[in-house]
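Enquirer: pasting the structure only:
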């Protein structure tokens, strides 16, 4: 007996470690016992009463496994060996797992919110025992149910990722934490929200405010002040501006500064939708109104914008027949769907935009006069970029930061010489063209600072300035100034043409109005391209050979050994 007791005591350390608790050997005849814990240390005062089921084990004289009634997850195992009894439990491991479960219960709401879905805890069989909703609140949905991915993760002992059964396109992750429980989460809510956004117009809300409009020039600040004044009213607004000046940016800003900011902002491009579909897009249709119509019908943008703002972009592209229907909706504040009979009241503020002279279109019979007066309650002219040149440095550095964050490039600034080139160019595409130019440059630049050589050749070689209130063309090809104001007379237009300081011919660039640095760079480049042939260079530059010679002398481009042929 002594030998058996000693042998069992020697094995207690290994048994306790494997069990994750305490191991005790008991001499049933004398009642003597020895106990060690999971670290292998002897515990002299661990009472036998802590082993639940001990008395039953003494009497039955057979192996016995008893689940604790005091502590969750604790098991007591008894094995009779002759006159000795081996008692083992996993109480330390169970307590550690209990603490770990408590930690995960506390963290689960945060995990659910970050993942954008449900988060759960499951046992070794994959059965749920705790769950929280995407909003972080505890849920009893699915308690006691099997999660297939959870069971698979527990069996494999590693994370399992797979599609969620709750929403198509959503993913679920199951991770075993210990041998007894695991954690899982999905992104069901995030996928649902993404689908909802996909089924809604991408411009069904206004993202921009006046704070997003960049510029300190007098022209743009005056326009912003007027727009802010208009925003607080419900008046219809007509935005005039060339392509790329930011008409929709102003429309969204007006909406967000108005009392309708809590309502929808719906935009429709009247020039981008086929003529056959514009009417159904504007006014909607009833079920079966035409071949291919949805069986449940569809609301138009006026109904979708009810209580908010409707932005009609490129209103000048709308057909005359539709203009009459639009006029009626603006006057009566109600519409009738295609194929319908019942008038539907709408409460919508309309903001329209155009890059054309609507008054001239009215005079030529291409736009209804009564609709023009209905839309032109408050007209705002958005200045082109050439009228706010002082804003170019601000815009350029804004776009550099924007694209640096997007692309992760090393470009961080622009050189004064490159900025001079940009400020000397006429920007017929306005802010949008400038934005595209910076994006293109940052994709191709090889320095931390943008240099003139990084800029597109058109801007680098032909940085020409146009007079105000004209729509400019590119540096190649003839252009004609087009006044933007709808109040200018034909005589004023003729005078504007007469006052134009230059006329471009194909393949030519004009130097008037450029700075000295840009002028020198342009002349030098053209000279290199023409092999320093002065006559051809003068023709390319649109000046006389005498003028070219004077400029070359003034700019230090006449080295003694330069071969300049006439």
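Expert: Happy to help now that I have it. Quick caveat, the model's predicted, so the values are computed rather than measured. Numbering: from 1, shown residues only.

Enquirer: quick check: mean pLDDT across whichever strand or helix holds residue 540?
Expert: Residue 540 belongs to helix 534-541 when elements are defined using DSSP states H and E. Averaging pLDDT along helix 534-541 yields 82.

Enquirer: okay, buried residues for it please.
Expert: 534, 536, 537, 538, 539, 540, 541 (16 or more other Cβ atoms under 10 Å). Placement of C-beta: from N, CA and C, glycine included.

Enquirer: and the helices in the stretch 251-400 of the chain?
Expert: 275-283, 301-304, 320-332, 358-363, 369-375, 392-407 (DSSP state H, counting those that start in this stretch).

Enquirer: what packs against the fourth one?
Expert: This points to helix 358-363. helix 369-375 (3 or more Cβ pairs under 8 Å, 6 or more residues apart in numbering; DSSP states H and E).

Enquirer: now the helix it packs on, how far from the centre of its chain.
Expert: Centroid separation for helix 369-375 versus its chain: 37 Å, with Cα atoms, centre = their mean, to the nearest Å.

Enquirer: please apply the same query to stretch 323-339.
Expert: The answer for stretch 323-339 is 35 Å, by Cα atoms, centre = their mean.

Enquirer: what about it, average pLDDT?
Expert: According to the model, stretch 323-339 has a mean pLDDT of 87.

Enquirer: could you do stretch 365-384 as well?
Expert: On average, stretch 365-384 scores 93.

Enquirer: list the buried residues of it.
Expert: Buried, per 16+ other Cβ under 10 Å, within stretch 365-384: 367-368, 371-372, 374-376, 378-384.

Enquirer: and residue 10, what does it touch?
Expert: Residues in contact with residue 10 (Cβ atoms under 8 Å, 6 or more residues apart in numbering): none are found.

Enquirer: coming back round to it: give the next helix or strand downstream of the helix holding residue 540.
Expert: Next along the chain from helix 534-541, counting by DSSP H and E, comes helix 545-554.

Enquirer: surely residue 175 is in a strand?
Expert: Yes - assigned with DSSP: H, G, I helix; E, B strand; the rest coil, residue 175 falls within a strand.

Enquirer: one step back: between the helices of the stretch 251-400 of the chain, which one is nearest to residue 421?
Expert: helix 392-407 (10.4 Å; Cβ to Cβ).

Enquirer: parallel or antiparallel, which strands does the very next helix or strand once past that closest one pair with?
Expert: Downstream of helix 392-407, the first helix or strand assigned by DSSP H and E is strand 413-414. Paired with strand 413-414 in the same sheet, following DSSP bridges, are strand 449-450 (parallel).

Enquirer: mind checking how far the strand it pairs with is from the chain centre?
Expert: With Cα atoms, centre = their mean, you get 27 Å for strand 449-450.

Enquirer: again, but for stretch 165-177
Expert: 25 Å.

Enquirer: now stretch 137-150
Expert: Computed by Cα atoms, centre = their mean, the chain-centroid distance of stretch 137-150 equals 33 Å.

Enquirer: with stretch 79-94 instead?
Expert: On Cα atoms, centre = their mean, the centre of stretch 79-94 falls 61 Å from that of its chain.

Enquirer: stretch 65-74 too?
Expert: Mean-position distance between stretch 65-74 and its chain equals 53 Å (Cα atoms, centre = their mean).

Enquirer: that stretch - what's its average pLDDT?
Expert: Across stretch 65-74, the per-residue pLDDT values average to 92.

Enquirer: quick one: which of the helices of the stretch 251-400 of the chain is nearest residue 234?
Expert: helix 320-332 (12.3 Å).

Enquirer: sort out which residues of that closest one are buried, please.
Expert: Buried, per 16+ other Cβ under 10 Å, within helix 320-332: 322, 323, 325, 326, 327, 329, 330.

Enquirer: let's have those residues in CSV, adding distance to residue 144.
Expert: Putting those into CSV (distance: Cβ to Cβ, whole Å) gives the following:
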residue, distance to residue 144
322, 60
323, 64
325, 60
326, 60
327, 64
329, 57
330, 60
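
Enquirer: nearest to residue 227 among the residues you listed?
Expert: Each of those was scored against residue 227 by Cβ to Cβ, and residue 330 proved nearest at 20.6 Å.

Enquirer: thought the closest one was touching residue 350?
Expert: Yes - between residue 330 and residue 350 there is a contact under Cβ atoms under 8 Å: 6.5 Å.

Enquirer: who touches both of the two?
Expert: Joint contacts of residue 330 and residue 350 (Cβ under 8 Å, 6+ apart) are 236, 375.

Enquirer: show me where the stretch 51-200 of the chain has its helices.
Expert: Here the stretch 51-200 of the chain has its helices, by DSSP H, counting those that start in this stretch, at 54-60, 91-115, 148-156, 188-199.

Enquirer: and residue 176, how many neighbours?
Expert: Using other Cβ atoms under 10 Å, residue 176 has 22 neighbouring residues.

Enquirer: and the buried residues of stretch 365-384, which is closest to residue 414?
Expert: residue 384 (21.5 Å).

Enquirer: point out where this protein drops to low pLDDT.
Expert: 1-5, 193-205, 273-276, 289-295, 462-518, 559-566 (pLDDT under 70).

Enquirer: please parse this protein into its domains.
Expert: Residue ranges for the domains of the chain, per automatic domain parsing: 2-89, 95-195, 210-381, 385-514.

Enquirer: need those in CSV (columns: distance to residue 548).
Expert: CSV is the format used below for the domains of the chain (distance: least, Cβ to Cβ, whole Å):
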stretch, distance to residue 548
domain 2-89, 93
domain 95-195, 61
domain 210-381, 33
domain 385-514, 10
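
Enquirer: before we move on, back to that, which stretch among the helices of the stretch 251-400 of the chain comes nearest residue 8?
Expert: Of these, nearest to residue 8 by Cβ to Cβ is helix 392-407, at 68.2 Å.

Enquirer: pull out the buried positions in the closest one.
Expert: Result for helix 392-407 [16+ other Cβ under 10 Å]: buried residues 392, 395, 396, 397, 398, 399, 400, 403.

Enquirer: got a list of what the first one touches?
Expert: Neighbour list for residue 392: 385, 419, 422, 423, 434 [criterion: Cβ under 8 Å, 6+ apart].

Enquirer: hmm, which two among those residues are most spread apart?
Expert: Pairwise across the contacts of residue 392, and taking Cβ to Cβ, the largest span is found between 385 and 419, at 14.0 Å.

Enquirer: out of the two, which sits in the busier spot?
Expert: residue 385 (27 against 17).

Enquirer: distance of the more buried one relative to residue 526?
Expert: Separation of residue 385 from residue 526 (Cβ to Cβ, to the nearest Å): 25 Å.

Enquirer: state the distance from residue 7 to residue 84.
Expert: 9 Å.

Enquirer: before we move on, what about residue 247?
Expert: Taking Cβ to Cβ, one finds residue 247 at 92 Å from residue 84.

Enquirer: now do residue 24
Expert: 10 Å.

Enquirer: which one of the two is surrounded by more residues?
Expert: residue 24 (25 against 20).

Enquirer: what strand or helix carries that one?
Expert: strand 23-27.

Enquirer: residue contacts, residue 167?
Expert: Shown in contact with residue 167 (Cβ under 8 Å, 6+ apart): 186, 188, 191, 192.

Enquirer: quick one: residue 172 from residue 165, how far?
Expert: From residue 172 to residue 165 the distance is 8 Å (Cβ to Cβ).

Enquirer: mind listing what's buried along the next helix or strand after the strand holding residue 24?
Expert: With elements assigned by DSSP H and E, the helix or strand that comes after strand 23-27 is strand 33-36. Neighbour-count burial for strand 33-36 flags 33, 34, 35, 36 (criterion: 16+ other Cβ under 10 Å).
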